[in-house]
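>>> Structure for the following, please:
(chains A, B, C and D)
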There are 4 protein chains.
Amino acid sequence: MLEQMRKEVCEGNLALARHGLVAWTGGNLSAIDRDRGVIVIKPSGMLYDDMTPEDMVVVDFDGKVVEGEHGPSSDTLSHLQIYAGREDVGAVVHTHSTYATAFAAVGREIPCCLTAIADEFGGPIPCGGYARIGSDEIGKELLASIGHSPAILMKQHGVFTIGATITKALQAAVMVEDVAKTVAVAHTLGTITDLPADEIAANYDRYTHRYGTMAASEGVTQ
Amino acid sequence: MLEQMRKEVCEGNLALARHGLVAWTGGNLSAIDRDRGVIVIKPSGMLYDDMTPEDMVVVDFDGKVVEGEHGPSSDTLSHLQIYAGREDVGAVVHTHSTYATAFAAVGREIPCCLTAIADEFGGPIPCGGYARIGSDEIGKELLASIGHSPAILMKQHGVFTIGATITKALQAAVMVEDVAKTVAVAHTLGTITDLPADEIAANYDRYTHRYGTMAASEGVTQ
Amino acid sequence: MLEQMRKEVCEGNLALARHGLVAWTGGNLSAIDRDRGVIVIKPSGMLYDDMTPEDMVVVDFDGKVVEGEHGPSSDTLSHLQIYAGREDVGAVVHTHSTYATAFAAVGREIPCCLTAIADEFGGPIPCGGYARIGSDEIGKELLASIGHSPAILMKQHGVFTIGATITKALQAAVMVEDVAKTVAVAHTLGTITDLPADEIAANYDRYTHRYGTMAASEGVTQ
Amino acid sequence: MLEQMRKEVCEGNLALARHGLVAWTGGNLSAIDRDRGVIVIKPSGMLYDDMTPEDMVVVDFDGKVVEGEHGPSSDTLSHLQIYAGREDVGAVVHTHSTYATAFAAVGREIPCCLTAIADEFGGPIPCGGYARIGSDEIGKELLASIGHSPAILMKQHGVFTIGATITKALQAAVMVEDVAKTVAVAHTLGTITDLPADEIAANYDRYTHRYGTMAASEGVTQ
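As a prediction, this is how the structure comes out:
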């Protein structure tokens, strides 16, 4: 019954590798089916090259394996806590993507100094405090610090992103790394300045409410 | 009737992805047919993987959609203003390519410190002031600041390039990122010095007037 | 008789190139068969594009060629010394991968400032002193300095990694470069702080003993 | 008659693109046939994607086109001067590869701080003074400054490499960029120290005289 969902979660995980966001067996993506009471997640410690939809692990909301031959990602508990705390979330991504994790390593948020950051994240990309992997601290810290951003850096650890769909969580994972790289390079070239609050709001509003959805007949002029 | 042009604009947009200049749905390329009174441009918010010539959007000079099922790029108004202000321009590219956008993030031009920059850009690559996306400020600021350069950085935003043809606008987009990366690395290694004005002029003249066009019979010696 | 081992060693060497850890003919991977008294290693000075299992060189524990038409890697003596000094090692990798070698160039260990480093390496990744290539100094210095880490930087030279299997040595080679890049970028963004010793121990224990091996029925909650 | 040579020169040029050393139409590779009195070189201003052996241009030692429909590379005069001044050279490569050109931008040699640099270059990789493209200054400056190195940086311009064969000139072009990147990163991490002169000599001797050529029967121990 979950065949389609296992396929989509597998494709989502493979996209992490294709976008260069993960190394070796690191990183993971899951999606939730709230009606069936399950999440589907990447197995623990599996290379992306070898991964098929059949390898995906189905767990219930207590983290108990319902379907699948492998153990679930060691980050499964964190995913479950995020789904429990945020009903709007349909998919979760975790990576150690290089540039975003470099900001996390030094415990810095990514400042909202570019229109692309205002568009995607609506403000600075927050950095949550350090929390032990496999404990329930990561989910708590994430929920306390992520606000309305689709991405959060976790201090000395890596990145989590959330979205209503797998595509949206993937988009946030791709974009947080893209802007992190740009801002890291900019940091070596001069002084980073935040966009003014009204410009951040105007960009976020345009991008969130109108981007990609404009009816063809509307045209682009006001 | 615009089949060939939609095909070329689609290929041009796909080249942005192939050259690593865009992430996710970001960036866009358009071309103009001044006789027919239309531009063809990438649709808003579409992934490059999925893009076909049929997805390209045809708009008139008021930005009204003439052909196409999708909304046009949210940067369409800026493209239109550039075409209106510069009759020599046949194609426009917009990206947030990493290294060029890093210069834009801190509001710095790219200094003309390498022969490759003198060749392609004829001087420093300018950085225009901040302007709100979707407003008419971007086109105005660009036209006021680009001069004879085929590329301009827009402060805290990204890059626009122009050319008589799609190939020329693409070339400028590839080269601005290539030299931006080189100069950003150089900046961490020592002091950047501009080429003297007469060397910039000599390189630009050679590259613009003779490069790639030398008749075989001329040979290379003087 | 060693056909399968030559195939696996060849695939391991090709994985170095696929993961972007080597340039031109640089780097090498070997594996040992302690029962037969041989190691199989990459030939000296061969391009990765051209490499087949038949090109792998079989040498005995004195470094004498037993099978193969080519000379063995110029690092063969160092591999032999590592196998002699560490009975737990089944495979050795040597690279000059960019970011890890940058730390080696300045003689710095990679600090244990990220959970990924604690997971894979159980502490900082050590940097051994300078030793002449082709002499017996490299093996001695490596054995004296590597401790329980699967990777070591060798000052002004490059990286060696070890593992019980080819896969494990490859994993360490991929991960040392991945974390080196992250830490190098982080270093330009702020102050690097080590994880506390108890957090390093907790991560290393979880990753070493439970990651990828959790029985499906265990679930993830405590 | 020059069919085979045009094929090899075309393959050599395509290798520049495959190794990521060139952007757009930049860079070029040539080879010489001293008996026939010709060099074969990349055409001026041609994209690598489009290049076939038939596009290669054959010029005599005065730079006059003997065979070929296109104009020769605008760097042809520099290639000719190098062949005239150095009878040991069979092939020449020119690139603006990013990290090596970053050193060139600030007029710095690449210090001999790694065994890989001692191996390939036998000392620091020199940086020649600025010289105008298309004039006879580049060849003169290069010959005066390259010494026994197979690579030289040209101030505020790029990289030239030489070799007895196309493969050797390519190898130098790949390796100069590889070590330039490593040293540029190292420069952000700490203090770069040259290897002692006797270590440079020992590495260069081993690599030049024994690497890849060791008879299988010799083994690796002394």
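>>> can you tell me the helix or strand for whatever residue of chain A ends up closest to chain C?
In chain A, the residue that lies nearest chain C is residue A:45 (2.1 Å; C-beta to the nearest C-beta). To be clear about C-beta, it is placed using only N, CA and C from the backbone, and glycine gets the same treatment. Per DSSP states H and E, residue A:45 falls between elements, in no helix or strand.
>>> thought it was touching residue A:26?
No - counting by C-beta atoms under 8 Å, residue A:45 sits too far from residue A:26 to count as a contact (9.7 Å).
>>> So between those two, which is more surrounded?
residue A:26 (22 against 18; other C-beta atoms under 10 Å in any protein chain shown).
>>> State the three-state secondary structure for the more buried one.
What DSSP: H, G, I helix; E, B strand; the rest coil gives for residue A:26 is coil.
>>> So residue A:163 is in contact with residue A:173, correct?
No - with contact defined as C-beta under 8 Å, residue A:163 does not reach residue A:173; the gap is 9.0 Å.
>>> Report the closest residue of chain A relative to chain D.
Closest point on chain A to chain D, by C-beta to the nearest C-beta, is residue A:188, at 8.2 Å.
>>> The helix or strand where that residue lies and chain C in contact?
Remark: residue A:188 resides in helix A:166-189, with elements defined by DSSP H and E. Yes - judged by C-beta under 8 Å from any C-beta of the partner chain, helix A:166-189 and chain C are in contact via A:184, A:187, A:188.
>>> Determine the number of other residues adjacent to the first one.
For residue A:184, the neighbour count with other C-beta under 10 Å is 21.
>>> For it, which residues are in contact?
Applying C-beta atoms under 8 Å, 6 or more residues apart in numbering or on different chains to residue A:184 gives the contacts A:99, A:102, A:103, C:185, C:188, C:189.
>>> and the fourth one, what does it touch?
Residues counted as contacts of residue C:185 (C-beta under 8 Å, 6+ apart) are A:98, A:99, A:102, A:184.
>>> of all those residues, which comes closest to chain B?
residue A:184 (8.2 Å).
>>> follow-up on the earlier one: any idea how far the residue of chain A closest to chain C lies from chain B?
29 Å (C-beta to the nearest C-beta, to the nearest Å).
>>> Residue A:50 now?
For residue A:50 relative to chain B (C-beta to the nearest C-beta), the value is 23 Å.
>>> buried stuff in stretch A:155-171?
Within stretch A:155-171, the residues scored as buried using 16 or more other C-beta atoms under 10 Å in any protein chain shown are A:155-163, A:166-171.
>>> And stretch A:1-15, by the same measure?
The neighbour-count check on stretch A:1-15 (16+ other C-beta under 10 Å) flags A:2, A:5, A:6, A:8, A:9, A:10, A:12, A:13, A:14, A:15 as buried.
>>> and that stretch with chain B, contact?
No - under the criterion of C-beta under 8 Å from any C-beta, stretch A:1-15 makes no contact with chain B; the nearest approach is 10.0 Å.
>>> likewise stretch A:20-30?
No - against chain B, stretch A:20-30 shows no contacts by C-beta under 8 Å from any C-beta, the least distance being 10.4 Å.
>>> CA atoms only for that stretch, dumped as PDB, please.
Backbone C-alpha positions of stretch A:20-30 (Å, rounded to 0.1, in the frame of the first residue of the first chain) are rendered in PDB as follows:
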ATOM      1  CA  GLY A  20      25.800  17.100  -3.700                       C
ATOM      2  CA  LEU A  21      24.300  17.700  -0.200                       C
ATOM      3  CA  VAL A  22      25.500  14.400   1.400                       C
ATOM      4  CA  ALA A  23      28.600  12.300   1.600                       C
ATOM      5  CA  TRP A  24      28.800   8.500   1.900                       C
ATOM      6  CA  THR A  25      25.800   7.300   4.000                       C
ATOM      7  CA  GLY A  26      25.200  10.700   5.600                       C
ATOM      8  CA  GLY A  27      21.900  12.600   5.500                       C
ATOM      9  CA  ASN A  28      18.300  11.400   5.300                       C
ATOM     10  CA  LEU A  29      14.800  12.400   4.100                       C
ATOM     11  CA  SER A  30      11.500  11.200   5.400                       C
END
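>>> Kindly state the beta-bridge partners for residue A:65.
For residue A:65, the beta-bridge partners are residue A:59 (DSSP bridges).
>>> All set, thanks.
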